[in-house]
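Peer 1: Give me a model of this one.
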Amino acid sequence: MDMNKNGLALIGLGMVMLWSSLAFAAEEFKIQVRTVEDRKAVFATVETVDQIRARARISGIIGGLTIDEGSQVTAGEKIAVITDKKLPLQLAALNAKLASLTAQLKLTKTDLARAKSLRKSGAGSQARLDAAQTQLDIVKSEIAALAAEKSVISQQIKDGQILAPVSGRVLSVDATNGSVIMPGETIAVIAKNDYILRLRLPERHAKFLKVGDKVQVGARGMATDNTALTDATVQQVYPQMENGQVIADVKVSGLGSYFVGERTQVHISTGSRQVIAAPSRYFYRRYGVSFAKLKDGNEVTLLLGLPIGSGPDDEVEVLSGLSAGDILVMP
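Peer 2: Below you'll find the model as predicted:
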C-alpha cells in the first residue's frame with residue numbers, strides 16, 4: 001500500500017515538472033527596436049562646495065591650537081587664541097586713567113554745587129557757575145571717550161579668539177603654537193560639510209550634459225565593479241571650460257566619509273542609439289557560438305554585444321542575427 005502511494009506521488013511530481021517545463025518553453029519574446037543610452041565610465045573627484053579660511057583678526061602670538069588636519073569642527077568652536085601682551089597693558093593704563101577721571105568728576109560736581117549755592121546767595125558770579133558746568137561736561141566727555149577706547153581694546157582681546165567660521169572638516173592648518181601671526185593670515189582651511197563629485201569631461205561631451213541628468217556612481221575607490229551603482233543627479237554645469245574640459249557637479253549623499261580629492265567612478269550618458277536586445281535566457285551557446293531559437297523552429301546564429309541593464313531580466317544587445325518582429329522561444 002505504501003509503495004502504491006509513493007508511486008502515485010512520483011507520477012504526480014513528474015507531471016508537475018513536465019507541465020512547468022512546457023510552460024517555460026512556451027514563453028515567447030518579440031524582438032523590437034528600442035532606444036538606449038550609451039554610457040561611459042569616467043572618474044570624478046570628491047570636492048567641497050565651499051572651503052572657508054579661518055583668519056587672524058589681530059597680530060600676536062598664537063596658542064591654544066586645538067585642531068589638526070582631519071579634525072571635525074562646529075561653527076563658532078574656538079580653535080586657537082592669539083595673545084598680544086600690549087593689549088592688557090593698554091587696558092590697565094585706561095583703567096588707571098578712568099579712576100583719575102572718576103575722582104575728577106566727583107570734584108567738578110562739588111565745585112558746581114558750590115558755584116550754584118554762591119550764585120543763589122548772590123556771592124558768586126554767573127561766569128564762575130558757567131565755568132564749573134563746562135568743566136563738568138568736559139570730564140564727562142573724557143570719561144565717555146575713555147569708555148569707548150576701553151571697549152575697543154576689550155574687543156581686540158576678544159578678537160584674539162579664533163572661531164571656526166563653519167561646521168566641517170579641517171583640510172589644513174597653517175600655523176603652530178608660539179608662532180607670530182599678523183592680521184589676515186590664514187590659521188586653518190575648513191571644508192564645509194557639503195560635498196559633491198566634480199566631473200571634468202572632454203568638450204565633445206558638453207552637448208550631452210545638462211542639469212538634472214541622471215548618472216550612476218560606482219563603489220568607493222578606483223574599482224570598476226558595476227554591481228554597486230548608486231543613482232545621482234547632475235546639479236550644476238559650469239558655463240566656462242578649462243583646458244578643453246567641461247566641468248559639472250554631481251550631487252550624491254554619503255560623501256562625508258570620503259577624502260577630499262578622492263576619485264570614484266561615475267557612469268554618464270554620452271548620447272542614445274537604436275538597438276535590438278533580448279533577455280539573456282533566450283540565448284545559448286554551442287561550440288563557442290551564440291544561438292537563439294525562433295518560434296517557427298529555425299535556429300539563428302547571433303553576434304552578441306554588451307549587457308543592457310541588470311537584474312534577473314537583464315538584456316543583451318544583439319549586433320547581428322535578429323530583426324525587428326522576430327519571435328524568440330526558450331531553447
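Peer 1: From here on, just use CA atoms for contacts and neighbour counts.
Peer 2: OK.
Peer 1: hey, where'd the helices end up in the protein?
Peer 2: Secondary structure of the chain (DSSP state H): helices at 2-25, 86-121, 126-159.
Peer 1: Could I get these in a markdown table, plus columns for mean neighbour count, mean pLDDT and distance to Glu299?
Peer 2: Below are the helices of the chain laid out as a markdown table (neighbours: other C-alpha atoms under 10 Å; pLDDT from 0 to 100; distance: least, C-alpha to C-alpha, whole Å):
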| stretch | mean neighbour count | mean pLDDT | distance to Glu299 |
| --- | --- | --- | --- |
| helix 2-25 | 11 | 46 | 15 |
| helix 86-121 | 15 | 88 | 94 |
| helix 126-159 | 16 | 89 | 84 |
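Peer 1: Let me have these in JSON lines, extended by distance to Ile181.
Peer 2: Shown next, in JSON lines, are the helices of the chain (distance: least, C-alpha to C-alpha, whole Å):
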{"stretch": "helix 2-25", "distance to Ile181": "79"}
{"stretch": "helix 86-121", "distance to Ile181": "15"}
{"stretch": "helix 126-159", "distance to Ile181": "13"}
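Peer 1: Please name the bridge partners of the nearest residue to Lys192 once chain neighbours are set aside.
Peer 2: Spatial nearest neighbour of Lys192, excluding adjacent residues (C-alpha to C-alpha, 6 or more residues apart in numbering): Gly168 at 4.4 Å. With DSSP bridges as the criterion, Gly168 is bridged to Val73, Lys192.
Peer 1: give me the number of residues near Gly168?
Peer 2: 24 (other C-alpha atoms under 10 Å).
Peer 1: same check, this time on Leu229
Peer 2: Leu229: 15 neighbours (other C-alpha under 10 Å).
Peer 1: Next, the contact list for it, please.
Peer 2: Gln216, Val217, Gly218, Ala219 (C-alpha atoms under 8 Å, 6 or more residues apart in numbering).
Peer 1: Isn't the first one up against Val250?
Peer 2: Spelled out, that is Gln216. No - the criterion here is C-alpha atoms under 8 Å, and Gln216 misses it with Val250 at 9.8 Å.
Peer 1: Among the two, which residue is more densely surrounded?
Peer 2: Val250 (27 against 21).
Peer 1: Lowest-confidence one in the contacts of Leu229?
Peer 2: For the contacts of Leu229, the weakest pLDDT value sits at Ala219, with 77.
Peer 1: Relative to Ala103, how far out is that residue?
Peer 2: 76 Å (C-alpha to C-alpha, to the nearest Å).
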